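J.: how would this look folded up:
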Amino acid sequence: MIIEQNHQSTDSILSNARKNFEESKQEIEHLLEIHMEMEGGQSGRPGRRPEQIQVLHRAAIVMITACWQAYVEDLFRENFERLLNSFDNPKKIPDAIKEDIYNNRNDTGHVREREYVWEFAGNGWKEIILEEWKNKKLDNFNTPSNKKVDSLFKYLGLRNISARWCWEGINSERVIEKLNKYLTIRHKIVHGQKDDRNYNLKPNKNNVREYLNHVEKLIEKTETMVKNHVEKLIGQDVDKNRKTASRMGRPGQGNGGSHGCQPNPNLCYTSCHVQSGSRNHDGQANSSAGG
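T.: Numbers count the residues shown, from 1 in each chain. Just a heads-up that it's a prediction; the model follows:
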């Protein structure tokens, strides 16, 4: 019972991207199970068919790469939408996104004119402009190398994410080198190449396991970095809204407490830490608090 509870607790904090990867990974495990069956359960026993087993290994390399790419796309989509839902003003859109939209639309106006364009978007800046932009970015995403991943997540304000891909016993340079090696092998396999003196195009079961384990560690690192970064951005925005309401001396008024404040002045004082003015024993703000 304790083990089951721990599993549920861990599962509840996984991103949807990670959950999708775990489901897709089962197909790769099935390929390795078929390998064991074709070998008769043990390497060298009767029933082993090297040519057919090699096909399984090559297919597994291709599938692992596809799972890694799908994870990156899902993770970006999921966290982009989290940020998007937290925005209440187009000025909060990350600069990298706005610059990319401007460039793709051949907008050569000055910065002030560019910012003014968003005023005409009305409420459509979320549903149309950014949704359209996001879908185009993901449609054009392929070959999930370190450079491609860095290029995608910079739009969330997370620069050079691959520079932090490291864990015990291996630095980021080696992590990137191993990833890109397997991406190159996958590329050569899907294009029908059989031999290459610089790359092992006849991977064995250990190579498949190594690649799968490598991708799983990449996912663990990437998941944590992106989650912490996005939560920090959203948290900073919430804090900024609360401080703005605090300086105005009217926390939560006029919008039903949309900044997380309650209409009750006692609760408002506790949650927003109003600094201007003082309060009487009933918890009401004096006139010096700005109303």
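J.: What is the lengthiest helix in the chain packed up against?
T.: Longest helix in the chain, counting residues (DSSP state H): helix 205-248. The contact analysis (3 or more Cβ pairs under 8 Å, 6 or more residues apart in numbering; DSSP states H and E) places helix 205-248 against helix 16-38, helix 50-86, helix 172-190, helix 265-272. Where C-beta positions appear, they are placed from N, C-alpha and C, glycine not excepted.
J.: what do you get if the cut-off is 6 Å, keeping everything else the same?
T.: Packing partners of helix 205-248 (3 or more Cβ pairs under 6 Å, 6 or more residues apart in numbering; DSSP states H and E): helix 50-86, helix 265-272.
J.: Tell me what angle it forms with helix 50-86.
T.: Per axes from the mean of the first three to the mean of the last three Cα atoms, to 10 degrees, the angle that helix 205-248 makes with helix 50-86 is 0 degrees.
J.: Helix 205-248 - what's its average pLDDT?
T.: When pLDDT is averaged over helix 205-248, the result is 82.
J.: Please tell me the pLDDT value assigned to Gln253.
T.: For Gln253, pLDDT reads 46.
J.: check contacts around Lys154.
T.: Contacts for Lys154 (Cβ atoms under 6 Å, 6 or more residues apart in numbering) come out as Ala96.
J.: gap between it and Asn207?
T.: Counting by Cβ to Cβ, to the nearest Å, the gap from Lys154 to Asn207 is 32 Å.
J.: What of Ala70?
T.: Counting by Cβ to Cβ, the gap from Ala70 to Asn207 is 21 Å.
J.: And for Ile64?
T.: Ile64 sits 10 Å away from Asn207, going by Cβ to Cβ.
J.: Please say which of these two ends up with more neighbours.
T.: Ile64 (23 against 16; other Cβ atoms under 10 Å).
J.: doesn't Arg209 make contact with the more buried one?
T.: No: counting by Cβ atoms under 6 Å, Ile64 sits too far from Arg209 to count as a contact (10.1 Å).
J.: Low-confidence stretches in the stretch 1-150 of the chain?
T.: Residues of the stretch 1-150 of the chain that meet the criterion pLDDT under 70 lie in 1-12, 39-49, 104-124, 128-129.
J.: let's see 80
T.: Low-confidence regions of the stretch 1-150 of the chain, defined by pLDDT under 80, span residues 1-13, 35-52, 87-92, 98, 101-130.
J.: Neighbours of the closest residue to Arg77 other than its chain neighbours, how many?
T.: Nearest in space to Arg77, with sequence neighbours left out and distances taken as Cβ to Cβ, 6 or more residues apart in numbering, is Leu138 at 6.4 Å. Neighbourhood size, Leu138 [other Cβ under 10 Å]: 15.
J.: right, and the helix or strand after whichever strand or helix holds Leu138?
T.: According to DSSP states H and E, Leu138 maps onto helix 131-139. Note on helix 131-139: by DSSP H and E, the next helix or strand toward the C-terminus is helix 146-153.
J.: in that next one, what's buried?
T.: Buried positions in helix 146-153, judged by neighbour count with 16 or more other Cβ atoms under 10 Å: 146, 148-149, 152-153.
J.: Outside of it itself, list whatever touches it.
T.: 72, 76, 160-162, 176.
J.: With stretch 216-233 instead?
T.: Stretch 216-233 is contacted from outside by 18, 71, 75, 79, 82, 158, 161, 165, 167, using Cβ under 6 Å, 6+ apart.
J.: For PyMOL, what selects the buried ones among these?
T.: PyMOL command restricting the contacts of stretch 216-233 to the buried ones, with burial defined by 16+ other Cβ under 10 Å:
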select buried, resi 18+71+75+79+82+158+161+165
